[in-house]
Structures are given as C-alpha cells and as structure tokens.
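Generate coordinates for the sequence data below:
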Amino acid sequence: MGRMIGSVGWGFWGAGAIAHRVAHDLGRVDGAEGVAVASRSIDSARRFATTHGFARVHADLAALLDDPEVDVVYIATPPHRHAQDAIACLRGGKAVLCEKPFALNEPQVIDMIAEARRAGRFCMEAMWMHFIPAVQAARELVASGALGRVRMLAGDFAYPTAFDPASPMLAPELGGGALLDRGVYLVSLAQALLGEPVSVRANAQLTATGVDEHSAYQMQYADGATAQLWAGFTVRGTNSVVIVGEKGQIRLHDPFYSAHRFSVSHDAPARPMAVGAPADAGLAARIKRALAQQGVHRRIDGLRAAWRHVGSRALPFPGHGYQFELTEVTRCLRAGLHESPLMPLADSQAVARTMDRLRASWQPSAHGAEPDGPSAHRSAAR
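Numbering: from 1, shown residues only. Here you go, the predicted model:
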C-alpha cells in the first residue's frame, strides 16, 4: 500500500533508540508518514517497522534510496557516518534530516552543504532543541529586546552515564566525547542567541581513549557578551541554561534542550554607587551619615525586591518533542524550500567550526587548529 496522497513520505536510516523516539513522534505530525526503514541489522529494521507501522523494510541504504515512496531520509546512524550518509541520500535524490552532531568537523559539514546545494535538495541538522516551544519563546523574548542586550549565557548538560569500555561514545574516531554528544546543544543555543564567538577557550578531562568525559567552554562575542558552558558524562549538572541581559534574565529549566517551562525575571535599574564621605570628614560624621542612610537604603531595597518580577511559563507538550522539528521539515518540503529559516545550514557550519576550535584547545594536533588565547588545561583520566 502506498502512502496517503499529498503526505510527505519519511524513510529512516537507522533503528536505534533515538530513531524509535523520533518515529513515535512522527505520528503527531500532520501530512507526514513513515513509509520505510533500513538498518545495518535487518532484524532491527523489521522490529522497528512493526512497532511504528512502517510499510516496508530495506536491507541497506541503497535500497532505501531506491524506494519511490520516500521523500526525505532521517539519518540516525552514529556521528562518524553522518557526512557520508547524508551525501549519499542527497545524491540519491532524497531530502535529509541528519541527527546531531551534523558531522565530526567543519570540513565534513562544508562537503554536506555543497552537495545539498549541488543536488538542490533540502538538508537540515536535527537540532530539535530549537523547535521546542519554550526554547522558541525564549529566543523570541531575547530578539524582542525584553532583556536588553544579552551579556552572558551560562548552562550545562551533564548527567552520569555508564559506558561499556567498547562504547562508541569513548572512541574519538566515532565521534565520542561530551562536547560532540552534549556540548553541541549548548554551543548551538549560544550560536542562535549570540552569533559566532570571536574567541574560545576550553578545558577537558580526558578518558584513556582521548575523548572528553567532561569539558568546559568559555566563549566571547564581538559585543562583549560571554558564554560559560560545560558538558559531561560523569556527574549530574543543573541541565538548565540562564540567559542574562541588562534588564533581566531567562532560565530554561531542566532539561533545557526540551524544556516544558521557562522563567523570566526583570530587574530594577542598578542603584548608583554611593559616594563616600570626604576624606577629611571625622569618624562621628561618617557614623551619623551611615545611620541616616541605613533606613533609606532598607526602604529602597524593599522597593527593589517588590519591583523585581519573576514569572514562570509552562509550555508542555505530548511525546518526546521531536514532532516540532519533523513538522518544520515537512512544512519546508511542501513549500519547496531547501533550508529551514529556523535552522539554516550556515548555523550548523558555524557550530561545527566553533567545536573544532574548542577541541583544538586540548587536542590541537588532532584537529589542525590552534586554540584561541593561552593553552587550555588538558588532563587524562586515571
């Protein structure tokens, strides 16, 4: 049986845990239909198709690309395969939604973008965070000027995870490490709010295999704003992000990348610093002045506390939250767009470039780039 008339046919390349969650949410997208799945394990593909109601199972990517019912391929393979798989899909005439990180480094991203432009096909990184309602609302508030100029972004993405020693997450050649798996969310959010940093520094605690089990990033932007971010596998962080502006701040609550709630606080204008007593004033005069001012300052502080407004807004959603990016891709395909205006390819390239610079702080020889500023700390895990 073919797909419904007018619907966008989705093919899945990969049948792992993330693909299952995405397929679950695909059913919440109007005008989209999962029609085929392929995996390196045919048994996994069959179980996936049965679970999610996909009509066809294919043994490999080539067969998936030959399926005329497939309009767009969701790529859920390991990170080291993203670039080659995306390019193969684009050459095969299919649109692409590719899991994060988009690729292992900027040169790979450049190749992917070049192929998308050559083929005239839609291509987008599956950075689903940007389509979550609370994240979109926070971005809109920042863009509206509600916070004034943003001066700092601070956040983390960290929780303890037990890995088998043979896990791909511990293999640098497979795209392992905290930065590529978790820090990419933080770097991408900072990119969306502040643009590309002019300077970066990073610290990392490395595993015996050379990937970062946790890493911290300091980034500075052309207007003087800064970002303080960290990601890790061994400890639990706040998993929240705070965006600090001159007029207030926004907090995306745990987990920030799929937040159901955010808070906004507005601050009273800063109180001017008090001018001290003249140098020749006596001790008695200074004490008298201090006592007189004490009551006034107490009342002022009370007014400031009353003026300060903190509001929390809940934006809950069903499912896992992948339906929002799937809706965007479906919309773009129906509109004949080759990129999403909300997640343009230039942003994915800038994020990849920033991550290359961050990793160069602790592994300059591995990435062919020198770190910005003084060398960052590097240590090996025992």
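
from here on, contacts and neighbour counts on C-alpha atoms
Will do.

so where's the chain uncertain?
1-5, 268-310, 364-382 (pLDDT under 70).

care to break the chain down by domain?
Domain segmentation of the chain under automatic domain parsing yields 8-129, 133-258+350-380.

closest to R331 out of those domains?
Of all the domains of the chain, the one in closest proximity to R331, counting by CA to CA, is domain 8-129 (8.9 Å).

Quote the end-to-end distance of the closest one.
22 Å (CA to CA, to the nearest Å).

How far does it sit from its chain's centre?
Relative to its chain's centre, domain 8-129 lies at 19 Å (CA atoms, centre = their mean, to the nearest Å).

Could you measure from the residue positioned nearest the centre of the chain over to G14?
Closest residue to the average C-alpha location of the chain: Y185 at 2.2 Å, with CA atoms, centre = their mean. Using CA to CA, Y185 is found at 22 Å from G14.

One more: P68?
19 Å.

Settle it for me: which of these two has more neighbours?
G14 (24 against 10; other CA atoms under 10 Å).

Could you check how far that one is from L206?
To L206, G14 is 29 Å away according to CA to CA.

Tabulate the CA atom coordinates of stretch 175-188 in PDB.
Coordinates of each C-alpha in stretch 175-188 appear next as PDB, following Å, rounded to 0.1, in the frame of the first residue of the first chain:
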ATOM      1  CA  GLY A 175      32.600  11.000  17.300                       C
ATOM      2  CA  GLY A 176      32.700  10.200  21.000                       C
ATOM      3  CA  GLY A 177      33.100  12.600  23.900                       C
ATOM      4  CA  ALA A 178      30.900  15.000  25.900                       C
ATOM      5  CA  LEU A 179      31.300  18.000  23.500                       C
ATOM      6  CA  LEU A 180      30.000  16.300  20.400                       C
ATOM      7  CA  ASP A 181      27.200  14.400  22.200                       C
ATOM      8  CA  ARG A 182      26.000  17.000  24.700                       C
ATOM      9  CA  GLY A 183      28.000  20.200  24.500                       C
ATOM     10  CA  VAL A 184      26.800  20.700  20.900                       C
ATOM     11  CA  TYR A 185      23.400  21.700  22.300                       C
ATOM     12  CA  LEU A 186      24.900  24.400  24.400                       C
ATOM     13  CA  VAL A 187      27.100  25.700  21.600                       C
ATOM     14  CA  SER A 188      24.200  25.700  19.200                       C
END
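
which residues touch that stretch?
Stretch 175-188 is contacted from outside by 78-80, 100-101, 104, 127, 129, 155-158, 168-171, 211-215, 229-233, 257, 347-348, 351, 354-355, using CA atoms under 8 Å, 6 or more residues apart in numbering.

Same check on stretch 119-131?
Contact with stretch 119-131 is made by 90-91, 93-102, 113, 116, 135-136, 185, 189, 257-258, 321-322, 324-325, 329, 333, 337-340, 342-345, 348, as judged by CA under 8 Å, 6+ apart.

gap between the two ends of it?
Distance between the two ends of stretch 119-131: 26 Å, counting by CA to CA.

What count of nearby residues applies to A314?
Neighbour count of A314, defined by other CA under 10 Å: 12.

quick one: A204 is in a helix?
No: with DSSP: H, G, I helix; E, B strand; the rest coil as the criterion, A204 is assigned strand and is not in a helix.

and the nearest residue to G27 once chain neighbours are set aside, what helix or strand is that in?
In space, not counting the residues next to it along the chain, G27 is nearest to E33; the distance is 7.3 Å by CA to CA, 6 or more residues apart in numbering. E33 is part of strand 32-38, with elements assigned from DSSP states H and E.
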